[in-house]
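Trainee: here's my sequence, what's the structure:
(one chain, ligands or ions: 1)
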Amino acid sequence: MSKTFEKLQPYLDKSMALQAARSLFEWDDETAAPYEAAEYTSKVIGILSNEYMDSLINDEVRKLLKKLQEDKEQEELTETEKAIVKELAKIYDQLESVPPKEYRAFNELTSKSSRIWAKARKDNRYEDFAPYLNQVIDYKKKFASYRAKKGKKAYEVLLNDFDECFGIKELDEFFNKVKENLIPLLKEVGHKADTIDKSYNFKSYDISKQKEFCRFLSGYVGFDFNRGVIAESAHPFTTQLHNHDVRITNRFIEDNLESAMFSIIHESGHAIYEMNIDDSLTQTLVGGGTSMGMHEAQSRFFENNIGRSREFWEPLYDRLVNTYPENLKEVSLENFIKGINKAAPSLIRTEADELSYPLHILIRYEIEKMIFDGEVNVDELPKVWNKKYQEYMGITPPDDANGILQDTHWSQGEFGYFPSYAIGSAVAAQIHYHMLDIMPFNQYLLDGNLTPIREYLKDSIHKYGATKNTNELLKDMTGEEFNADYYIKYLREKYQKLYKL
Ligand code: ZN
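Mentor: As a prediction, the model looks like this:
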């Protein structure tokens, strides 16, 4: 090991430990802590966050980083160490350019604005949220401008934080394909969707039985209970301390069978990615998934490409029917598969089906671009939002709560995040076609044997953690970089077959 890197190691270890402690508190906050804990515990989390920052951003680490970036030092580093140095440089780029005073003020603002947002959504009053949103946007523009290299747009800077492979050019190209192909497809499908009877899904499903079945599903797709736990929270999510401690949550709705089942498969997909990262990488700066897009690709691959396929349910469906015979014994597998794939234009992103989902993201992407290009001001946003929903989905939100106020992301300053969701689905489709090519994929599903599928994902994606980026992983796995044509092809083929278009 290089002498310089050796000196860096204790700083990295300390930051890792502080990060793990912070994650544990955040997890606890969402799952187990009593209602009144939040305000006081946030002080603990605040201090841990500052300590985390200080452990990485200080004169000593800065000096070591500079040295490690020199050519002759680089020669002495292993590939993993090089990746860690690159990651550390990224963190410096993100945090160092912002004056600490402004950074603190921004964090205070966002914690306030997310509370204001939650209330504004409940009260359906966009005007209460607008002034805060305006300030958040101003900060984000300012922070991005500190970091933007010459000629780089603010929004480009924000996008690259989530995935270095996807900037405005790549996303414009991607969303143009989405627009051209999926809007007409959804229109076609929408007319036929009404004929699918999905009433079974909204009958009463005993929650304790749901829990049992979801736990079974999670293990079935490959969640390792020796390395992970499942709890409940208001919104399902995944967090990890390291690859031997990965935690997911679920939520249960009595009169909705699908909700918890597909949430658990989705979160299990995230968890499997983290659990499969190589032991030599975990607890380092490159010991997590490589990008938001690649993470969503794994969760959506399990949820949609696998979990909504007929082949997946064929060996499982009887078990589901036997769990709820009173509701399902008259529902054929055929009908169930159509039900879980029912697609139609909709207003709420998180409840959208696989086909309309990318259109929700398209709308947010276009609006974010307008915001950072200065083409629209905050007061005009609801109008722009509603117009785009009418144009792309053919429906107009009845109010802002069901429109522009539905997502929490902007209140927390998370601009540039949304595209990862759609990119994830597209990457999942590309992986799916590749795997259909090289292995008896559907036969594995019919046999109820997901091990070879999971092992292949582990060997081609998961184990590398963040040492390779999205395109490097795809190229090495499938022979080509990101290609959205697979996504369009996947959705077209799937819905043509289901709806006999
Ligand atoms: Zn996810």
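
Trainee: if we go by neighbour counts, what in stretch 271-286 is buried?
Mentor: By 16 or more other Cβ atoms under 10 Å, the buried positions in stretch 271-286 come out as 271-278, 281-286. Every C-beta, even on glycine, is put in place using the N, C-alpha and C of the backbone.

Trainee: how distant is it from the center of its chain?
Mentor: Computed by Cα atoms, centre = their mean, to the nearest Å, the chain-centroid distance of stretch 271-286 equals 17 Å.

Trainee: stretch 327-347 now?
Mentor: Relative to its chain's centre, stretch 327-347 lies at 25 Å (Cα atoms, centre = their mean).

Trainee: list the buried residues for that stretch?
Mentor: 327-328, 331, 336-347.

Trainee: quote the end-to-end distance of it.
Mentor: This stretch, stretch 327-347, spans 28 Å end to end (Cα to Cα, to the nearest Å).

Trainee: could you pull up the mean pLDDT of it?
Mentor: For stretch 327-347, mean pLDDT rounds to 95.

Trainee: show me the contact partners of that stretch.
Mentor: 186, 189-190, 193-194, 196-198, 200-201, 203-205, 257-258, 262, 308, 310, 313-314, 317, 320-321, 352-356, 359, 389, 393-395, 397, 402-403, 406, 494-495, 498 (Cβ atoms under 8 Å, 6 or more residues apart in numbering).

Trainee: likewise for stretch 213-225?
Mentor: 230, 248, 250, 252, 260-261, 264-265, 268-269, 271-272, 275, 302, 306-307, 316, 319-320, 323, 448, 450-451, 454.

Trainee: for the residue most central in space within the chain, list the residues it contacts.
Mentor: Centroid-nearest residue in the chain, with Cα atoms, centre = their mean: residue 296, separated by 4.4 Å. Contacts for residue 296 (Cβ under 8 Å, 6+ apart) come out as 420-421, 423-425, 427-428.

Trainee: so which of these are in helices?
Mentor: Secondary structure from DSSP state H places 420-421, 423-425, 427-428 of the contacts of residue 296 in helices.

Trainee: ok so, going back, is there a quick ChimeraX command that grabs whichever of the contacts of stretch 327-347 are buried?
Mentor: To isolate the buried ones among the contacts of stretch 327-347 in ChimeraX, judged by 16+ other Cβ under 10 Å, type:
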select :186,189,190,193,198,200,201,205,257,258,262,308,310,313,314,317,320,321,352,353,354,355,356,359,389,393,397,403,406,494,495,498
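
Trainee: and residue 494, how far from residue 310?
Mentor: Relative to residue 310, residue 494 is positioned 11 Å away (Cβ to Cβ, to the nearest Å).

Trainee: now swap in residue 265 and tell me
Mentor: If you go by Cβ to Cβ, the gap between residue 265 and residue 310 works out to 15 Å.

Trainee: still on that earlier bit, nearest to residue 98, of the buried residues of stretch 327-347?
Mentor: Nearest to residue 98 among the buried residues of stretch 327-347: residue 347, at 36.0 Å, using Cβ to Cβ.
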